[in-house]
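Trainee: My questions concern the predicted model and sequence given below.
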Amino acid sequence: MEEGSQKPSAISGFVKMRCPNCHKGHVFVNKSIFPLGKCLAMKDNCSECGYKMKNESNNGGGINYALTVMVLFLNLLWYWPIFGITYKDYSIYYFLLTSAGVAILLQPWLMRYSRVIYLYLFAGFGGGK
Ligand SMILES: [Zn+2]
């Protein structure tokens with residue numbers, strides 16, 4: 001995965017939120033999620049290969065929902081062994097509150113990744129010439 005003429009892999013391009021076509025250009029205008037108001041601002045075209053990033057149907061809403069549900073389940077994996085969840089007290093409510101809080105905190109990333117996932121699905125994983 002050296003910088004240069006070799007095309008970075010689709011997986012590393014995906015993780016780094018790069019263009020689904022060349023895996024080099026950034027998908028988002030801002031590399032960080034801040035400022036939050038612009039965290040979802042996408043480039044119209046890839047700065048490296050000119051791939052059209054913006055698509056009318058690219059909202060990723062359904063994927064975002066799936067990712068959020070996934071985070072809720074992942075929270076269960078660490079919360080349960082550490083704090084324990086039982087029906088005998090309010091622990092299930094504490095878990096739900098904590099879990100919802102984590103999901104909300106992660107929203108900027110989830111929303112960005114849901115768009116990147118959509119882009120990659122649209123371009124075909126590892127696809128593009
Ligand atoms: Zn590109």
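Mentor: In hand now; what should we look at?
Trainee: Please make it C-alpha for all contacts and neighbour counts, starting now.
Mentor: OK.
Trainee: Quick check: nearest residue in space to the spatially most central residue of the chain, chain neighbours excluded?
Mentor: Nearest residue to the geometric centre of the chain (Cα atoms, centre = their mean): Y113, 1.6 Å. Nearest residue to Y113, sequence neighbours excluded (Cα to Cα, 6 or more residues apart in numbering): M17, at 7.4 Å.
Trainee: same check, this time on K54
Mentor: D44 (5.1 Å).
Trainee: what residues does this protein put near the ion?
Mentor: 19, 21-22, 46, 48-49 (Cα under 5 Å from the ion).
Trainee: Most neighbours among those residues, please name it.
Mentor: Among those, the one with the most neighbours (other Cα atoms under 10 Å) is C19, at 29 neighbours.
Trainee: That one: what's it in contact with?
Mentor: 13, 25-27, 46, 51, 53 (Cα atoms under 8 Å, 6 or more residues apart in numbering).
Trainee: which parts of the helix ranked longest in the chain are buried?
Mentor: The residue-count maximum for a helix in the chain (DSSP state H) belongs to helix 91-123. For helix 91-123, burial by neighbour count (16 or more other Cα atoms under 10 Å) applies to 95, 99-100, 103, 108-120, 123.
Trainee: Take the contacts of C19 and keep only those in helices.
Mentor: Among those, the members falling in helices are G13 (criterion: DSSP H).
Trainee: Nothing else from me, thank you.
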